[in-house]
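Participant: what would the 3D arrangement of this be:
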Amino acid sequence: MTEVAQKTQYESSLIGAYLVTGTVGNVGMPGAPIMHFSLVVVPGAHTVSGTVEITQALASPNGVIVVKNVTGQIRPTGFGTVTQVVSLEGEYVQSFPPPAIGSYLAKFTANMAIDNNWNGTGGFTYENHDVNNVPVKKQ
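Facilitator: Model (predicted):
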């Protein structure tokens, strides 16, 4: 494939890319962990990438976790109201609780079964927490 053909193919896969923001979790429920997402979606390449922030009413520094460089896939389903499924993964720096000193890379994963408006059901996993079967809402 020539360089021009490769560039044209790459540019055509980016056509239709869009930004979507929203939440996964029981928003409004006191103490519930909420995943806030900001993702660039490239449907032609079946990719998503962006940033996730998990908030929960916990003592600092665990009240807010930021996962940068989140990547994943988006795929059509062909099933009724659930028209797309999304999978995400990433890593974030987690500090050891005091009195220990140091930090490590912790894993993050998420999944969403959504309609074309980015509303549906999903879940996410971080550290030792699994949040499942919660609402996904586009903002």
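
Participant: residue 30 touches residue 56, doesn't it?
Facilitator: No - the pair residue 30 / residue 56 is not scored as a contact, 10.3 Å apart, by CB atoms under 8 Å. All C-beta atoms are positioned from the backbone trio N, CA, C, and that covers glycine.

Participant: which residues touch stretch 23-41?
Facilitator: If you take CB atoms under 8 Å, 6 or more residues apart in numbering as the criterion, stretch 23-41 is touched by 17-22, 47-57, 70, 74, 88, 110, 112, 122-124, 129, 131, 134-137, 139.

Participant: start and end of it, how far apart?
Facilitator: 16 Å (CA to CA, to the nearest Å).

Participant: off-centre distance for that stretch?
Facilitator: Between the centre of stretch 23-41 and the centre of its chain there are 10 Å (CA atoms, centre = their mean, to the nearest Å).

Participant: now swap in stretch 75-91 and tell me
Facilitator: Mean C-alpha position of stretch 75-91 versus that of the full chain (CA atoms, centre = their mean) differs by 11 Å.

Participant: which residues are in contact with it?
Facilitator: Stretch 75-91 is contacted by residues 37, 39, 46, 48, 52, 67-74, 105-116, 120, 122, 124 when judged by CB under 8 Å, 6+ apart.

Participant: got a ChimeraX select line for the buried ones in those?
Facilitator: A single ChimeraX command suffices to select whichever of these are buried according to 16 or more other CB atoms under 10 Å:
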select :37,39,48,52,67,70,72,74,106,108,110,111,112,113,114,120,122,124
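
Participant: which neighbours in the sheet does the host helix or strand of residue 75 have, and how are they oriented?
Facilitator: Element membership for residue 75 (DSSP states H and E) is strand 64-79. Partners of strand 64-79 in the sheet, by DSSP bridges, are strand 47-55 (antiparallel), strand 82-95 (antiparallel).
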